[in-house]
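Colleague: give the three-dimensional model of this entry:
(one chain, ligands or ions: 1)
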Amino acid sequence: MTPQQITLIQTSWAAVLPIQDTAAGLFYQRLFVLDPSVRPMFKGDLAAQGKKLMQALGFIVNSLTRLDELVPVAQDMARRHVGYGVQAEHYDTVGTALLWTLEQGLGSAFTDETRDAWAMAYGTLAGVMKEAAYAPA
Ligand code: HEM
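Modeller: Predicted coordinates for the structure are as follows:
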């Protein structure tokens, strides 16, 4: 990820923040359309879960310049997700739902460069998380 891509992610995230509750709602709607089988894994209040998700994404976005701090947090999170029933292939669906949500929220501000930057960052993060949670010991 280049410094310019990090800037694109951080700037576009700042534009999502004012509509974060709406964005979280859109994200889950889209996720459950893409893969209805994941719906039963969410046991609690989705609005509260959406706030946790947005908070975690905010932390990630702000930690892209400090990967030494981000990586262990992401690894712990991935291991907790195994207990929620999450499987490795679900990370692709979540990535698709996330990019779709950003596109809805940002409209024309979601440029090709911004999409590429998010896709790269999410792909890298998902790779680290899957490695931590599912790689054979
Ligand atoms: C970058 C990727 C992800 C982030 C930042 C993220 C964030 C979070 C956070 C902050 C929580 C709250 C509990 C905790 O921290 O352990 C959570 C719970 C959860 N996440 Fe994720 N998550 C990610 C990927 C996924 C994926 C791929 C799935 C698969 C569908 C998923 C499904 C769930 C479920 C089922 C819960 C528990 C919900 C409940 O208890 O009702 N997450 N996630």
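Colleague: what does this protein put close to the ligand?
Modeller: When proximity is defined as C-beta under 6 Å from any ligand atom, the chain approaches the ligand at 38, 41-44, 49, 52-53, 56-57, 77, 80-81, 84, 86, 90-91, 94, 125. C-beta: built from backbone N, CA, C; applies to glycine.
Colleague: could you pull out the strands for this protein?
Modeller: Along the chain, counting by DSSP state E, no stretch forms strands.
Colleague: point out where it drops to low pLDDT.
Modeller: 137 (pLDDT under 70).
Colleague: can you do 90?
Modeller: Along the chain, the parts satisfying pLDDT under 90 run over 136-137.
Colleague: quick one, longest helix in it?
Modeller: Ordering each helix of the chain by length in residues (DSSP state H) puts helix 112-134 first.
Colleague: buried set for that one?
Modeller: 114-115, 117-118, 121-122, 125-126, 128-130, 132-133 (16 or more other C-beta atoms under 10 Å).
Colleague: and the contacts of it?
Modeller: Applying C-beta atoms under 8 Å, 6 or more residues apart in numbering, the external contacts of helix 112-134 come out as 1, 4-6, 8-9, 12, 60, 64, 71, 74-79, 81-82, 86-88, 91-92, 94-95, 98-99, 102-103, 106.
Colleague: just the buried residues of the residues you listed.
Modeller: For those, buried by 16+ other C-beta under 10 Å: 5, 8-9, 12, 60, 64, 74, 77-78, 81, 86, 91, 94-95, 98-99, 102, 106.
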